[in-house]
Structure formats: C-alpha cells, structure tokens
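**Q** Requesting a structural model of the entry that follows:
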Amino acid sequence: MLKNSLKLKNEANTLLERIEIIKILSRYTNEYCFVGSYANNTMVWRDIDICFYLNETNIEKFFNLGCELANLDGVCAMKFNNEFILNPNKPDGFYWGIDIIDKSNGELWKIDIKGVQLDTYIDIKRYTEELITKLDFEIQELIVAVKNKLLIRDSRYNRYRTPHGSSFYIYDLIVNKEIRNINIVLKELKKIGIY
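**A** Numbering: from 1, shown residues only. Reported below is the predicted structural model:
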C-alpha cells in the first residue's frame with residue numbers, strides 16, 4: 001500500500017518543482033512547512049497541504065499571493081477562506097484551496113495553502129514534526145489502509161478523496177490511542193460519523 005503512497009509523493013514532488021510554488025511562497029514568507037499526508041508519507045489521493053507563517057493579517061497581500069498562484073500553469077479553480085471569521089474552531093488564518101492539473105500527466109491535484117499567525121504556525125509545525133517521528137512503516141501502512149477504506153467520490157472533479165477532516169481522527173486513533181486493528185479503527189471512525 002505504501003508503494004502507491006510513494007508514487008503519489010514522487011508525483012507531488014515533480015509537480016511542486018515544475019510549478020515552483022515554494023519560490024512564489026518565499027516572496028511572502030520565510031517560514032513554511034508541508035503538513036498532512038504529504039509530510040507524513042501517507043498519501044492516498046493527490047493532495048498537498050502547506051502551512052506558512054503570515055506575519056501580518058493583510059488580506060490584500062494574501063490576494064497578491066493568490067494572484068500569483070492563479071497564474072500557475074494548470075490552475076483550474078481556487079477557493080479563498082478567511083478563517084479569522086469563518087471557522088472560530090479552527091486555527092485562524094487565510095486559506096487558498098487550489099485545483100491544478102499536472103500538465104505532465106493530466107492528473108488533477110488539490111493544493112491547500114494556509115497562512116497563520118506565528119503561535120499557530122509553531123504549533124502546527126511542532127505537531128507535524130512530532131507526528132512524523134512516531135510513524136514507522138507499520139503505522140504508515142495502517143493509516144494508508146484506513147484512508148483507502150474511506151475514499152469517497154468527489155463528483156465535482158470525478159476523483160476519489162478522503163472525507164474532510166478525517167486524517168486528524170485517523171492519526172489520533174492509530175498514533176495517540178495506539179489502535180492497531182483496522183476494523184476497530186473503522187468502528188471508532190463510524191462512531192464519530194466519519195465512516
């Protein structure tokens with residue numbers, strides 16, 4: 001199962017290098033990190049998450065970043081969220097959700113870019129780094145197996161993806177609560193309405 005995850009990670013690396021997204025981000029911040037399944041090597045669909053330190057809550061500057069991102073070759077859709085207002089239960093920040101077609105193979109990717117305040121950025125980066133240290137091969141295999149069971153069809157783009165927010169619960173059950181049986185993990189996810 002990790003073979004497919006590695007294949008997706010390699011595709012992601014090729015895409016990121018081709019579109020030079022980090023070069024663009026570096027004009028707006030010097031503090032960024034990859035998070036989520038890309039960082040954890042547990043990818044099951046074409047999704048990349050990037051978090052960066054937003055040193056000011058300047059919406060105009062964030063839209064300048066968005067303009068540069070929109071001009072990337074292959075971008076077919078973008079979504080903006082102001083999570084300082086929209087989601088009081090999530091970390092504050094500005095968000096760009098980007099759908100981009102990889103011109104080298106025609107595959108559709110989702111790239112999530114979130115700019116957050118320094119304390120939030122430090123927490124997210126620390127959480128990601130700590131999580132990575134806990135992921136051995138066996139745990140990664142189990143996470144990928146669970147995610148594969150959860151794949152749902154996204155009819156808008158005719159692709160399969162995991163349900164929004166499901167990874168947090170998967171990592172919590174497998175890594176923090178140390179559940180190593182896929183059926184028990186799925187049962188617990190069902191209890192909270194994920195599966």
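
**Q** now the closest residue to residue 135 other than its chain neighbours: how far from residue 95?
**A** Nearest-residue entry for residue 135: residue 40, 5.9 Å, with adjacent residues in sequence omitted and distances by CB to CB, 6 or more residues apart in numbering. Quick note: C-beta positions are derived from backbone N, CA and C, even for glycine. From residue 40 across to residue 95, the span is 20 Å (CB to CB, to the nearest Å).

**Q** which residue packs closest to the spatially most central residue of the chain, ignoring adjacent ones?
**A** Note on the chain: the residue nearest the mean C-alpha position is residue 49, at 3.0 Å, using CA atoms, centre = their mean. Spatial nearest neighbour of residue 49, chain neighbours left out: residue 36 (3.6 Å); criterion: CB to CB, 6+ apart.

**Q** Hmm, the one you found is touching residue 167, no?
**A** Yes: between residue 36 and residue 167 a contact is recorded at 6.4 Å, counting by CB atoms under 8 Å.

**Q** Let me know the average pLDDT across the helix or strand hosting residue 100.
**A** Assigned by DSSP states H and E, residue 100 belongs to strand 93-102. In this model, strand 93-102 has a mean pLDDT of 96.

**Q** in its sheet, what does that strand sit against?
**A** In the sheet, strand 93-102 lines up against strand 75-82 (antiparallel), strand 107-116 (antiparallel) (DSSP bridges).

**Q** Buried residues, the shortest one. List them.
**A** Buried residues in strand 75-82, defined by neighbour count with 16 or more other CB atoms under 10 Å: 78, 81.
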